[in-house]
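Engineer: With the sequence up front, the predicted model follows.
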There are 2 protein chains.
Amino acid sequence: MNAAELLSHHHLKKSSARISIIRALQELETPASEPEISNKMGIHYDRTTFYRSIQTMVEAGLIRKIVVDKLVVRYALRDKPDHAHFYCDNCQQLTCLEDIHPGPYRLPAGFQTRESDVIIRGLCNSCSNHLPIETIH
Amino acid sequence: MNAAELLSHHHLKKSSARISIIRALQELETPASEPEISNKMGIHYDRTTFYRSIQTMVEAGLIRKIVVDKLVVRYALRDKPDHAHFYCDNCQQLTCLEDIHPGPYRLPAGFQTRESDVIIRGLCNSCSNHLPIETIH
DNA sequence: TTCTTGGTGCAACATTGTTGCATTTGATAC
DNA sequence: GTATCAAATGCAACAATGTTGCACCAAGAA
């Protein structure tokens, strides 16, 4: 689905900033941070606009917000079923683990789930191959 | 275990700031943010000291850092087996779900787990009882 | 008690995000 | 197409959370 279709599918106005953000995320293919997305967007938008657009689309369920470690916040299109994410402590890359699905979890009485995140931290395959153990602090 | 014992158990110097942070966390009993912990600590310490002390103890495995939504970062003593956390979108309270244990996860070849987080967001029992649906945005 | 490593305070800065207000733009009706 | 209006955008200022460099002090060992 293209950007305009995604927006109308979620009953959102097709504004230029939103379309640009969605296209950037589609090109990046992996969950990306604000500066990464902004760089990928051709036109410059104010950071306020970025955050307000992202917030609207997160609330609409179009975009997923993945918080890893504070100062490392990533956004991804919600175009796949929910899955866990792997964060490499060494190269900071965030990898989608599409085979690992969160839950369902049996919560205590009265708790209502809206969303859940599974973040696994460690060393990715690339870093564990190329790095001697001692260099990893 | 008291603060001094916890520190020597993790081969860390028993500095006054660290002891104070650990005591505050023990009294709070629930994962708490920087301002919450600082308030609970009787003496005033510089925020730099707080962050450096926390970082040291997180790296040593004494304290666990739980990142929920950016701008909402909590710290907890690692005195229980790993478990999921529930974050209430309405009252911002973080609840330990000690019956829900993360993983073990089958990762693709080459990935090494160091730690994993399961964050479930939604409405806690208290908020879902007391609030009419419309007031929750 | 002295010595040395590393913990602490201060000042300045970085990143990520928010709020208020004026202006522009997208969607709808005409 | 044009008018209309709610909603999106830009700008400026601010807020929360965390980091870095440097001087000073304190904990633990000899």
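Structural biologist: All right, it came through fine.

Engineer: Could you report the neighbour count for the residue nearest to residue A:129 when sequence neighbours are not counted?
Structural biologist: Once flanking residues are discounted, residue A:129 sits nearest to residue B:110: 6.1 Å by CB to CB, 6 or more residues apart in numbering or on different chains. Quick note: C-beta positions are derived from backbone N, CA and C, even for glycine. For residue B:110, the count of nearby residues is 12 (other CB atoms under 10 Å in any protein chain shown).

Engineer: Might you report the residue contacts of residue B:110?
Structural biologist: With contact taken as CB atoms under 8 Å, 6 or more residues apart in numbering or on different chains, residue B:110 is in contact with A:124-126, A:128-129.

Engineer: Most neighbours of all these, which one?
Structural biologist: Ranked by the number of neighbours (other CB under 10 Å), the contacts of residue B:110 place residue A:124 first, at 22 neighbours.

Engineer: pLDDT score assigned to the residue nearest to residue A:129?
Structural biologist: The model reports residue B:110 with a pLDDT of 90.

Engineer: and it, what element?
Structural biologist: Using DSSP states H and E, residue B:110 maps to neither a helix nor a strand.

Engineer: and it, what are its phi and psi?
Structural biologist: Phi and psi for residue B:110, reported as degrees, to the nearest 10, are phi 90, psi -20.

Engineer: The contacts of residue B:110 in helices, which ones?
Structural biologist: A:125-126, A:128-129 (DSSP state H).

Engineer: To what extent is residue A:102 buried, counted in neighbours?
Structural biologist: Each residue near residue A:102 was counted by other CB under 10 Å, and the total is 18.

Engineer: for it, what are its contacts?
Structural biologist: Here residue A:102 is in contact with A:82-84, A:116-118, B:118 (CB under 8 Å, 6+ apart).

Engineer: From these, keep the buried residues only.
Structural biologist: For the contacts of residue A:102, a burial check counting by 16 or more other CB atoms under 10 Å in any protein chain shown picks out A:84, A:116-118, B:118.

Engineer: returning to that earlier point: keep only those of the contacts of residue A:102 that are in strands.
Structural biologist: Secondary structure from DSSP state E places A:84, A:116-118, B:118 of the contacts of residue A:102 in strands.

Engineer: Would you quantify the distance from the nearest residue to residue A:76 once chain neighbours are set aside to residue A:42?
Structural biologist: Spatial nearest neighbour of residue A:76, chain neighbours left out: residue A:31 (3.8 Å); criterion: CB to CB, 6+ apart. According to CB to CB, to the nearest Å, residue A:31 stands 20 Å off from residue A:42.

Engineer: who's more crowded, those two?
Structural biologist: The neighbour count for residue A:31 versus residue A:42, taken as other CB under 10 Å, is higher for residue A:31 (24 against 8).

Engineer: List the contacts of the more buried one.
Structural biologist: By CB under 8 Å, 6+ apart, the residues touching residue A:31 are A:64, A:66, A:74-76, A:85, A:94, A:96.

Engineer: before we move on, what about residue A:13?
Structural biologist: Per CB under 8 Å, 6+ apart, neighbours of residue A:13: residue A:7.

Engineer: still on that earlier bit, so which of the contacts of residue A:102 reach DNA strand C?
Structural biologist: Among the contacts of residue A:102, no residue lies close to DNA strand C (CB under 7 Å from any atom of the strand).

Engineer: before we move on, back to that, tabulate the contacts of residue B:110 (CSV), appending pLDDT and distance to DNA strand D.
Structural biologist: Formatted as CSV, those follow (pLDDT from 0 to 100; distance: CB to the nearest atom of the strand, whole Å):
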residue, pLDDT, distance to DNA strand D
A:124, 89, 21
A:125, 88, 26
A:126, 86, 23
A:128, 81, 23
A:129, 78, 26
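
Engineer: Can you tell me which of those is nearest residue B:48?
Structural biologist: Checking the contacts of residue B:110 against residue B:48 by CB to CB gives residue A:124 as the nearest, at 31.4 Å.
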